[in-house]
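Asker: below are the sequence and a predicted model for it; my questions follow.
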Amino acid sequence: MTVLVLAEQTDTPVDMVIAELAARGVPVFRADTGWFPSQLVLNARLDEYGMWAGELRTEHRRVDLAEIRSIWSRGPGAFRFAPSMTDAARIYAHREARLGLGGVLAELDTRWVNHPNRSADSSYKPVQLGTAARCGLTTVATVITNNPEAVRSLAGDCPGGIVQKSLGPNTITEGDRIEVAFTRRLEPADLEDLSAVELTATQVQAWVDKKYEARIVVVGDQMFTILIRAGSPAGQVDWRADYKSLDYEWIETPSEVAKSLRGYVDRLGLAYAAVDFVIDCDDRWVFLESNSAGQYYWLEAHTGAPITSALCDLLSGVE
Amino acid sequence: MNLIADPQHVFSDNPLSSAAMRFTLFPKASHRGLGPRMSRPFGLWRTVSYPIPERPVVNYCHRQQVGVDDAGRPLVAQLDNAKPTPDPPKPPPKPKEWESKTYSDGDEGQEEDTWGWEEQP
């Protein structure tokens, strides 16, 4: 049985997994959806039992669809079509490729890490926060609104202040630069002009006075909890803003957090998740968000937490 | 009764569907910038600007299914920390590390091109 890995071809955490699977003697078929249709061939036929039979093939290897043990989907690239296609034709081709290749793979009876549809559904921050709360995780006071008064109202309820945080990807590419919208604390002056809140949905949350933060990487039945301590003011508000100031420590997952988090990922149908928490001054673990495709390898490199090995266990069926 | 025959309208244009994000063809970059403050969403009022990190060209070996150097040797085998230790916590001193985090890490969605081999200072 073969592990199907869908990822860009330049992705070293994937290389690490491939190398370990190879060392274990586990067959792997790695492909980038960006290779479709020019370098990746799908040949699928509905058989008499209602199963999709056939193969995925490149110039270098092939895999029988029935032989796919598991699928690791880790940000594969967009389909690439002939430059001669018009925009309209490319949109059509893209849609057909997604519904055809994506549809056949989605129908396979195999373990996904993660199934793209589960990942997409769980990308909604309101879904994350609601699910987390119902699973027993501590969440933070949150407002999502296009009404400036609702933002002021939350600010009035939160003497420690509030933060504004994007609901989705926080970067915009502009020319040769990227603009990054980090989580930011709102000062009194910010609350005087909230007219831009009316322009789209805006998420604001209570600021949590924190001792440090943590990322819990869930891989199947295993959890790896890495404390993240920021050593700069920018890193204190949003650790992504200052990686160089961060220190890491791998610890055992607190049992109550682990129990609730297990319920969370099960409810969302996720086999893998990177889940972020803040630990407040009373040592409460407060759920912030989860990312079904969140990065993990730099945490492994800093702490030795064997996340790559756990992924290999999950993908190769070692429980 | 009007039937919507074009799946694009059913899925990709559905404003409330999470799946719609996956059906959208994102423009790679904006050339109009963020625009004037009065027309900019509140979340974009105070962004931090960074140059786009160069994405190194890595040779890909179809036989080994990993990135390789010019001699065909897997790049991962050259990492100082290629074999994570089973016992925590002993971070390797000044390792060569894969830059596998981004400014947007923690968020869902398409990652920007901010990946690359890097030598830790």
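Answerer: Great, that's in hand.
Asker: from now on I want contacts and neighbour counts done on CA atoms only, so please keep to that.
Answerer: Will do.
Asker: buried stuff in stretch A:224-234?
Answerer: Buried residues in stretch A:224-234, defined by neighbour count with 16 or more other CA atoms under 10 Å in any protein chain shown: A:224-232, A:234.
Asker: make CSV out of those residues and add distance to A:Phe277.
Answerer: Formatted as CSV, these follow (distance: CA to CA, whole Å):
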residue, distance to A:Phe277
A:Phe224, 13
A:Thr225, 10
A:Ile226, 10
A:Leu227, 9
A:Ile228, 10
A:Arg229, 12
A:Ala230, 14
A:Gly231, 17
A:Ser232, 18
A:Ala234, 17
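Asker: and the next helix or strand past the host helix or strand of A:Val5?
Answerer: In this assignment (DSSP states H and E), A:Val5 forms part of strand A:2-7. For strand A:2-7, the following helix or strand on the C-terminal side (DSSP H and E) is helix A:12-24.
Asker: give me the distance from that next one to the chain's centre.
Answerer: Helix A:12-24 has its C-alpha centroid displaced from the chain centroid by 20 Å (CA atoms, centre = their mean, to the nearest Å).
Asker: go on, stretch A:203-223?
Answerer: For stretch A:203-223, the distance to the chain centre is 13 Å (CA atoms, centre = their mean).
Asker: can you check stretch A:145-165 too?
Answerer: Worked out by CA atoms, centre = their mean, stretch A:145-165 lies 27 Å from the chain centre.
Asker: try stretch A:223-233
Answerer: 18 Å.
Asker: over to stretch A:227-240?
Answerer: The answer for stretch A:227-240 is 20 Å, by CA atoms, centre = their mean.
Asker: over to stretch A:246-260?
Answerer: 18 Å.
Asker: what comes into contact with that stretch?
Answerer: A:132, A:135-137, A:216, A:223-231, A:235, A:239, A:285, A:299, A:302-303, A:305, B:88-89 (CA atoms under 8 Å, 6 or more residues apart in numbering or on different chains).
Asker: repeat that for stretch A:220-228.
Answerer: Outside stretch A:220-228, the residues that reach it (CA under 8 Å, 6+ apart) are A:212-218, A:246-253, A:258, A:271-272, A:299, A:303, A:305, A:307, A:310-311, A:314, A:319.
Asker: buried subset of those residues?
Answerer: A:212-218, A:246, A:248-251, A:258, A:271-272, A:299, A:303, A:305, A:307, A:310-311, A:314.
Asker: next step: the residues you listed restricted to strands.
Answerer: A:212-218, A:246, A:248-251, A:272 (DSSP state E).
Asker: what would the residues you listed look like in JSON lines with pLDDT?
Answerer: Formatted as JSON lines, the entries for those read as follows, by pLDDT from 0 to 100:
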{"residue": "A:Tyr212", "pLDDT": "94"}
{"residue": "A:Glu213", "pLDDT": "95"}
{"residue": "A:Ala214", "pLDDT": "97"}
{"residue": "A:Arg215", "pLDDT": "97"}
{"residue": "A:Ile216", "pLDDT": "98"}
{"residue": "A:Val217", "pLDDT": "98"}
{"residue": "A:Val218", "pLDDT": "98"}
{"residue": "A:Leu246", "pLDDT": "91"}
{"residue": "A:Tyr248", "pLDDT": "95"}
{"residue": "A:Glu249", "pLDDT": "96"}
{"residue": "A:Trp250", "pLDDT": "97"}
{"residue": "A:Ile251", "pLDDT": "97"}
{"residue": "A:Tyr272", "pLDDT": "97"}
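Asker: could you list the buried residues of stretch B:41-59?
Answerer: B:41-44, B:47, B:52, B:58-59.
Asker: out of those, which touch chain A?
Answerer: B:41-44, B:47, B:52, B:58 (CA under 8 Å from any CA of the partner chain).
Asker: closest to A:Thr173 out of the residues you listed?
Answerer: B:Ile52 (8.2 Å; CA to CA).
Asker: which one is the closest one nearest to, not counting chain neighbours?
Answerer: A:Arg177 (5.0 Å; CA to CA, 6 or more residues apart in numbering or on different chains).
Asker: which residues touch the one you found?
Answerer: With CA under 8 Å, 6+ apart, A:Arg177 has these contacts: B:49-52.
Asker: that older thread, can you pick out the most distant pair from the ones next to chain A among the buried residues of stretch B:41-59?
Answerer: B:Phe42 and B:Val58 (38.5 Å).
Asker: redo the contacts of A:Arg177 as CSV? Include pLDDT and secondary structure.
Answerer: Shown next, in CSV, are the contacts of A:Arg177 (pLDDT from 0 to 100; DSSP: H, G, I helix; E, B strand; the rest coil):
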residue, pLDDT, secondary structure
B:Ser49, 88, strand
B:Tyr50, 87, strand
B:Pro51, 87, strand
B:Ile52, 81, coil
